[in-house]
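Student: need a structure here:
(one chain, ligands or ions: 1)
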Amino acid sequence: MKDTDCLVVGAGVAGLTAAFELKKRGVEVQVLEARERVGGRTWSGTLDGAEVDWGGEWIGHGQPRVYKLIKELGLRTFTTYDRGEKVLEVRGRTSTYKGTIPWMAPWKLIQIQAGIWWLDSLAKGLSTEEPWAHARAAGWDATTLDATRRAVMWSADARGVMDAAMRTIFGAESGELSLLHALAYIRSAGSLNNLIATEGGFQHDRILGGAQSISLAMAASLGDERVHLGRPVVQITHNTAGVVVRDARGEEWRARRVVVAVPIAIGARIVFEPALPPLRAQLMERSYMGAAVKCFVRYEKAFWRDRGFSGEAASADGIVSVTFDQCSDDGSTPCLLAFIGGRSARTWHQRDPEARKQLVLDRLAAYFGPEARAPIAYAEVDWCTERWSGGGPIALFPTGTLSTHGSAMRTPIGSIHWAGTETARECMGFIEGAVESGLRVADEVAQG
Ligand SMILES: Cc1cc2nc3c(=O)[nH]c(=O)nc-3n(C[C@H](O)[C@H](O)[C@H](O)COP(=O)(O)OP(=O)(O)OC[C@H]3O[C@@H](n4cnc5c(N)ncnc54)[C@H](O)[C@@H]3O)c2cc1C
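Tutor: Predicted structure coming up:
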């Protein structure tokens with residue numbers, strides 16, 4: 001049995017931020033991570049010499065904590081390539097546009113704007129602390145985003161464009177999303193525009209060396225003696241005096257406090273002894289992960305840039321949701337990203353690998369030209385097949401969950417504290433949210 005002040009379960013950005021912060025405050029901390037790597041939903045690698053982020057990647061305006069952390073860790077950012085025309089695909093037809101909102105027939109455009117305005121204005125009334133406490137929370141939680149938006153968005157094409165955004169943001173279809181969850185998410189991001197915009201929004205910057213560098217740097221500072229990989233936590237026995245945590249190797253760890261910093265839907269796999277209060281247990285059991293696949297295509301030349309495209313495309317048609325330029329900061333490693341979210345992502349693994357690649361190349365060729373059919377390398381990561389994430393980018397709360405169980409989101413239970421981006425008050429679902437939750441929980445533990 002190993003003893004420490006505080007155990008942290010999960011070495012993603014949230015868990016490592018908590019541990020990093022607690023160590024600075026003189027609290028002895030140990031981190032147990034299921035995977036053989038740190039970073040969780042941030043995971044960086046290379047494809048034929050190009051640095052790629054298989055998971056979380058962008059940071060942007062309105063995310064002060066992650067920029068501060070990056071600076072403290074000696075890391076650097078660069079601006080996302082955003083020059084040139086963007087492409088919109090609706091019903092197999094492509095058109096080009098500049099800025100954040102695509103060009104469409106004016107009456108459809110008005111409906112997209114109306115949909116954004118409607119969501120933003122409802123979201124503004126929510127508190128970031130307790131969105132579930134709003135007077136209309138139960139009503140909004142009883143319905144889906146798709147069912148409600150039809151009153152302001154009667155054009156199927158306008159709804160299709162919003163669907164592409166929702167598949168990217170949530171990894172889900174608009175018909176799966178509780179309206180309350182969508183509104184809480186928008187509120188915690190500041191606005192829907194922040195969520196979708198590149199310049200001035202959440203996609204403004206990328207991190208040199210990849211987003212996983214944040215976790216790698218924090219883990220290095222904590223040292224191997226504090227960060228233990230390949231240690232899935234299977235059981236937490238707890239009372240008000242402390243916890244005993246058992247990992248899958250059968251080793252036991254004792255501490256005064258434990259921070260559980262795993263995705264909320266994955267936390268339900270851990271056996272808690274005694275059982276957690278029903279509200280908390282059901283919150284974890286009812287949530288589930290969105291579905292996301294990131295496909296990277298490496299080219300000899302950035303032909304889309306030469307043709308005046310930014311590399312950004314959005315499709316209302318449901319296979320590839322969005323694409324982005326993924327060249328290095330100096331443009332020297334030409335690469336495109338195709339992001340697949342929602343329904344298509346959930347069944348992606350059922351398709352033949354060669355068919356998957358061809359589907360992606362076909363869409364890229366339709367958006368940017370026939371050169372897209374001749375890559376020098378291709379790779380993809382399907383987050384639904386990642387055992388310790390169970391999907392991505394984020395956990396979803398089905399209708400009737402947040403309004404009834406939301407109050408259990410951050411409330412500590414005896415010696416157990418909850419972190420993870422899903423518990424964040426600001427930028428919930430993002431790397432920034434993971435940092436926010438790590439800082440909040442470090443305060444809770446240090447003060448307790
Ligand atoms: C495809 C994709 C694209 C994304 N794009 C962006 C983006 O561009 N910008 C952005 O800000 N965010 C993005 N995100 C979201 C962002 O990556 C997450 O919000 C953030 O990384 C979550 O951090 P976390 O620490 O809360 O959770 P995680 O990163 O999920 O960390 C949890 C850790 O717990 C571990 N774990 C799970 N179960 C156990 C157990 N029983 N015992 C021990 N350890 C366990 C996991 O292995 C993991 O390391 C994206 C995510 C995905 C998947």
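Student: Going by C-alpha atoms from here, please, whenever you check contacts or count neighbours.
Tutor: Noted.
Student: so where is the stretch 51-200 of the chain shaky, pLDDT-wise?
Tutor: 100-103 (pLDDT under 70).
Student: Around the closest residue to the ligand within it, count how many other residues there are.
Tutor: Nearest to the ligand, among the residues of the stretch 51-200 of the chain, is G56, at 3.2 Å (C-alpha to the nearest ligand atom). Using other C-alpha atoms under 10 Å, G56 has 21 other residues around it.
Student: check contacts around the closest residue to S415 other than its chain neighbours.
Tutor: Nearest non-adjacent residue to S415, counting by C-alpha to C-alpha, 6 or more residues apart in numbering: R257, 4.8 Å away. Each residue near R257 by C-alpha atoms under 8 Å, 6 or more residues apart in numbering is listed here: 5-7, 242-243, 415-417, 445.
Student: Break the chain down into its structural domains.
Tutor: Following automatic domain parsing, one finds the domains of the chain at 2-41+211-276+413-447, 44-83+201-210+291-385.
Student: Of the ones you listed, which is nearest W132?
Tutor: Nearest to W132, of all the domains of the chain, is domain 2-41+211-276+413-447, at 12.2 Å by C-alpha to C-alpha.
Student: end to end, how far does that closest one reach?
Tutor: Terminal residues of domain 2-41+211-276+413-447 are spaced 23 Å apart (C-alpha to C-alpha, to the nearest Å).
Student: and that domain, anywhere near the ligand?
Tutor: Yes - Domain 2-41+211-276+413-447 is in contact with the ligand by C-alpha under 6 Å from any ligand atom, via 9-15, 32-35, 38-41, 231-234, 261-263, 266, 270, 420-421, 429-432, 434.
Student: so how far is that domain from its chain's centroid?
Tutor: In terms of C-alpha atoms, centre = their mean, to the nearest Å, the centre of domain 2-41+211-276+413-447 is found 18 Å from the chain centre.
Student: So what's the model's average confidence on it?
Tutor: In this model, domain 2-41+211-276+413-447 has an average pLDDT of 97.
Student: which residues sit against stretch 389-401?
Tutor: Stretch 389-401 has contacts (C-alpha under 8 Å, 6+ apart) with 40-41, 55-56, 138, 141-144, 169-171, 176-181, 263-266, 283, 286-292, 382-385, 422, 429.
Student: no, scratch that, I was asking about stretch 38-52
Tutor: With C-alpha under 8 Å, 6+ apart, stretch 38-52 has contacts from 10-13, 53-57, 209-216, 219, 229, 296, 298, 326-328, 333-335, 377-379, 388-389, 392-393.
Student: repeat for stretch 190-202
Tutor: With contacts defined as C-alpha under 8 Å, 6+ apart, stretch 190-202 is touched by 58-63, 80, 82, 100, 116, 119-120, 165, 169, 186, 189, 203-204, 427.
Student: can we see that at 6 Å?
Tutor: 59-61, 100, 120, 186, 204 (C-alpha atoms under 6 Å, 6 or more residues apart in numbering).
Student: Please indicate which of the residues of domain 2-41+211-276+413-447 next to the ligand are buried?
Tutor: By neighbour count, with 16 or more other C-alpha atoms under 10 Å, those hold 9-15, 32-35, 38-41, 231-234, 261-263, 266, 420-421, 429-432, 434 as buried.
Student: Near T94, how many other residues are there?
Tutor: 14.
Student: On the three-state scheme, the closest residue to it other than its chain neighbours is what?
Tutor: Leaving aside its chain neighbours, T94 sits nearest to L88 (5.5 Å; criterion: C-alpha to C-alpha, 6+ apart). Here L88 is recorded as strand under DSSP: H, G, I helix; E, B strand; the rest coil.
Student: how about L88, what does it touch?
Tutor: Contact analysis of L88 by C-alpha under 6 Å, 6+ apart lists 94-95, 313-315.
Student: now Y378, what's its secondary structure?
Tutor: For Y378, the secondary structure call by three-state DSSP comes out as strand.
Student: Look up the residues forming beta bridges with the closest residue to it other than its chain neighbours.
Tutor: Setting aside the residues directly before and after it, Y378 is nearest to V297 in space (C-alpha to C-alpha, 6+ apart), at 4.6 Å. Residues found in beta-bridge contact with V297 (criterion: DSSP bridges) are L336, Y378.
Student: which residues touch V297?
Tutor: Applying C-alpha under 6 Å, 6+ apart, the residues contacting V297 are 335-336, 377-378.
Student: try it again with 8 Å
Tutor: Residues in contact with V297 (C-alpha under 8 Å, 6+ apart) are 335-337, 375-379.
Student: Please dump those into a markdown table; it should also carry distance to W107, pLDDT and neighbour count for every row.
Tutor: Output for the contacts of V297, formatted as a markdown table (distance: C-alpha to C-alpha, whole Å; pLDDT from 0 to 100; neighbours: other C-alpha atoms under 10 Å):
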| residue | distance to W107 | pLDDT | neighbour count |
| --- | --- | --- | --- |
| C335 | 36 | 98 | 29 |
| L336 | 32 | 98 | 25 |
| L337 | 31 | 98 | 27 |
| P375 | 39 | 98 | 16 |
| I376 | 42 | 98 | 14 |
| A377 | 42 | 98 | 13 |
| Y378 | 39 | 98 | 18 |
| A379 | 40 | 98 | 15 |
